[in-house]
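Visitor: Sequence and computational prediction follow.
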Amino acid sequence: MSRIGRKPIAVPAGVEVKIDETAHTVSVKGPKGTLNSNYHPMMSVKLEGNEIIVSRPNDEGLARSLHGLTRTNISNMVEGVTHGFQKELEIQGVGYRAAKQGSNLVMNLGFSNQVIVAETDDIKIEVPDANNIIIKGIDKQKVGQFAAEIREKRPPEPYKGKGVRYKNEYVVRKEGKAGKGK
């Protein structure tokens, strides 16, 4: 049986969970907001006391793979509405920097024009200094996707390491041109 799918999800105080078995939806409401999600009809999700339990009907491959996935998605929803998620990015390179103007992130990344990215309703951007960006939100998937889209504007290049990277990301460096062989 799935080790992850077997674990019950603890529902902290102040978090309200609604499970609709007929529509196969889960709604989690907490101090930071509300998240809704659908789950596969094969899975069974029940609220028992202050724990959410996900179970599967049989041991077929599809059911086994969906078991852990469903439990993790619901667990991430509970985590998101209580604590939230964040991704940290850092900018490296001479003249590369970021700043916040209103609700927009303005980045100088070596292009002729500035790169401007707007905040969304569920994603907040913080710029503690010119080389660090923090993406915050309650939906783990949206936070990760937004951070990936910002990193995509100028991914780190392998020769000097310049570009936008995740905090503590290791960039494999390449050796530059070797001179004449003689």
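Guide: Yep, that arrived.
Visitor: backbone phi and psi for Thr25, please?
Guide: Dihedral angles of Thr25 (phi, psi; degrees, to the nearest 10) stand at phi -130, psi 150.
Visitor: Just give the number of residues close to the closest residue to it other than its chain neighbours.
Guide: Excluding its sequence neighbours, the residue lying closest to Thr25 (CB to CB, 6 or more residues apart in numbering) is Asn38, at 5.4 Å. The C-beta positions use only the backbone N, C-alpha and C, and glycine is treated the same way. A count of nearby residues for Asn38, using other CB atoms under 10 Å, gives 11.
Visitor: Report pLDDT for Asn38.
Guide: In this model, Asn38 is scored at 95, pLDDT.
Visitor: Let me see the contact set for it.
Guide: Counting by CB atoms under 8 Å, 6 or more residues apart in numbering, Asn38 touches 23-26.
Visitor: Please tell me how far it sits from Pro31.
Guide: 24 Å (CB to CB, to the nearest Å).
Visitor: Check which residues of the helix ranked longest in the chain are buried.
Guide: In the chain, assigned by DSSP state H, the helix with the most residues is helix 61-82. By 16 or more other CB atoms under 10 Å, the buried positions in helix 61-82 come out as 63, 66-82.
Visitor: next one: it to chain centre, how far?
Guide: Helix 61-82 has its average C-alpha position 14 Å from the chain's average C-alpha position, going by CA atoms, centre = their mean, to the nearest Å.
Visitor: Check stretch 137-144 too.
Guide: Per CA atoms, centre = their mean, the centroid offset for stretch 137-144 relative to its chain is 4 Å.
Visitor: Ok, stretch 125-137 next?
Guide: What separates the centre of stretch 125-137 from the centre of its chain is 15 Å, taken as CA atoms, centre = their mean.
Visitor: and that stretch, which residues are buried?
Guide: 125, 127, 133, 135-137.
Visitor: Contacts for stretch 108-126 next, please.
Guide: 33, 91, 93, 95-98, 100, 103-107, 133-139, 142-143, 146, 149-150, 153-154, 162-164.
Visitor: The residue most central in space within the chain - nearest residue in space that isn't next to it in sequence?
Guide: Residue closest to the average C-alpha location in the chain (CA atoms, centre = their mean): Gly144, at 2.9 Å. In space, and not counting its chain neighbours, Gly144 is closest to Lys87: 6.3 Å by CB to CB, 6+ apart.
Visitor: Is the one you found located within a strand, as I assumed?
Guide: Yes - the assignment for Lys87 by DSSP: H, G, I helix; E, B strand; the rest coil puts it in a strand.
Visitor: residues in contact with it?
Guide: So Lys87 contacts 134-135, 143-144, 146-147, 166 (CB under 8 Å, 6+ apart).
Visitor: Where does pLDDT dip in this protein?
Guide: 1-2, 180-182 (pLDDT under 70).
Visitor: all helices of it, in order?
Guide: 3-6, 61-82, 140-152.
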